[in-house]
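1. Next one to model:
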Amino acid sequence: MRRGAPPPPPFRSGGPPPPPPPPPMLRRAPPWHCLFVMNYSGDKATLGNCEQYFLELMKVPRVESKLRVFSLKVHFGTQISELKQRLDLLNSACDELRSSQKLKEIMKRIDYLGNTHQGPARGKTIALRSPGVAVGFKLKNLLKVGHTRGASSMQHLCKDLASKESDLMDFHKDHESLESASKIQLKSLDEDMQAIIKGLNILNQELTASESDGPASKVFHKLLKEFVSIAETEVASVSSLYSVVGENVDALVYYVGENPIHCPFEQVTADLVNFVRLFKKAHEENIKQAELEKKEAAKDKKVKNGKGLSLTRKVIDPDRADNLEIMLWRVKMPLPDMMAAVQAMDDTVLDIDQIEKFIRFCPTKEEMELLNRLKNFMRIAETEVEAISRLYTETGRNADALAHYFGEDPSRYPFEQVTGTLAKFISLWKKTHEENVEQAELEKMGAAKEARMKKAKEQFGSH
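-> So this is what the prediction gives:
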């Protein structure tokens, strides 16, 4: 209230009936403000901003109801849009799950693996409890795979699929909406739907009430009527979508062999998301395990190949070599004759003891393979050494020829000194050439400067 404004006049007894009660928004103002505004008949320009504000509110019939309608109109589009977006997301998730052929095949594989480990029940088909349930597709089977013996069952499933049906390993790419849909609560959707319907009822109530307001609400009534027509269409559309989504949600629960009354949609999506997470994790662990096994196999192969070193040591073992020499020396027979006797199986030349010793000192198959590899390597190595020896000799002759070329004796003036002197000469040559170029540039600049000064002096003298 403006400073210096007159106090509210007192009530007069026996006068005209009191005015109607103030609108609900006026209840926030002090009572004497309300009384003053309702009974004030003087110049409105003398009132403060607060009093003028309440005075304007009193001109609008059912101002609070109209403000609520205005608020509903502002938020209506956003409410409808957000609800449709979440309903579409649920629809997409249900369609993706029920139409995924890859997921069906995985479920059948789970059912098969489960039956093959059930002993008496092996090979039997699990009976379907309700129409629409996918063959072998039961939520409880997912839970068994996810929780039986830790991650071993899931890893076994992933390994089996990867080896036989690798195209199924990316089945989770068919369910892009699943994780987002699992975060939606059906209860919140129901509350939002009820709030929209309640808001539409409030709009219709105010539309009916404002029809009898007269000229004061003529424009408001016209605009509200147009908006209600649009809102009813939108609400009918989203209600239809809401019903369809409800049917699809229940159908999905039945699809995985469960009852919506005992197993809500939220639990189904949560279990499916968990299954996808465990499946991906198990597949990644299998890949890592395969990499480790591959490295171990390569390491074992390397160790196995390295056994040749021990075989070499065994072949050239001094004690064994000495024993072999002693055995051959005692036989007193040329080696070719001994081998001929073995080939002829002549037991008159070699006794049983000598034959046993031959067997003991005879190279094994692995040793013979190693010796053959060493033989092949030596042949290649000898060729390479011979080639590099020729190159080394030729390089030596060229180095001596270079020293002679410059009139020096290689024995007194080695190749390193010749090349060092040449490198130093080239460095000094380049440096001197660069200095000469710089000096020429300086002289050229000096000559140009003198020419400019001479020309300027001549021009100044002429004037």
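2. Show me what the helix ranked longest in the chain is packed against.
-> Across the chain, the helix with the greatest residue count (assigned by DSSP state H) is helix 265-315. Counting contacts by 3 or more Cβ pairs under 8 Å, 6 or more residues apart in numbering; DSSP states H and E, helix 265-315 packs against helix 139-147, helix 152-164, helix 178-181, helix 218-255, helix 365-405. Bear in mind the C-beta positions are built from the backbone N, C-alpha and C, glycine included.
3. want to throw those helices into CSV with mean neighbour count, distance to Q205 and mean pLDDT?
-> Converted to CSV, the helices and strands packed on helix 265-315 look like this (neighbours: other Cβ atoms under 10 Å; distance: least, Cβ to Cβ, whole Å; pLDDT from 0 to 100):
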stretch, mean neighbour count, distance to Q205, mean pLDDT
helix 139-147, 17, 46, 63
helix 152-164, 17, 57, 78
helix 178-181, 19, 36, 88
helix 218-255, 15, 10, 91
helix 365-405, 11, 99, 85
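4. and K59, which of these is closest to it?
-> helix 218-255 (12.4 Å; Cβ to Cβ).
5. Return the list of helices and strands in contact with the closest one.
-> Contact analysis of helix 218-255 by 3+ Cβ pairs under 8 Å, 6+ apart lists helix 63-99, helix 186-210, helix 265-315 as its packing neighbours.
6. circling back: and the angle for the longest helix of the chain with helix 365-405?
-> Between helix 265-315 and helix 365-405, the angle formed by their directions is 80 degrees, by axes from the mean of the first three to the mean of the last three Cα atoms, to 10 degrees.
7. Mind checking the pLDDT average for helix 265-315?
-> For helix 265-315, the per-residue pLDDT values average out at 77.
8. need the helices and strands packed on helix 265-315 in a markdown table with distance to V268, can you?
-> Supplementary listing: the helices and strands packed on helix 265-315 in a markdown table, determined by distance: least, Cβ to Cβ, whole Å:
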| stretch | distance to V268 |
| --- | --- |
| helix 139-147 | 6 |
| helix 152-164 | 19 |
| helix 178-181 | 10 |
| helix 218-255 | 6 |
| helix 365-405 | 62 |
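9. Would you check that E105 makes contact with D167?
-> No: counting by Cβ atoms under 8 Å, D167 is not a contact partner of E105; they are 9.2 Å apart.
10. Looking at the two, which one has more neighbours?
-> In terms of neighbours (other Cβ atoms under 10 Å), E105 is the more surrounded of E105 and D167; the figures are 16 against 9.
11. Is that one within a helix or a strand, and which one?
-> Using DSSP states H and E, the secondary-structure element containing E105 is helix 101-116.
12. any idea of the mean pLDDT in that helix?
-> Averaged across helix 101-116, the pLDDT comes to 74.
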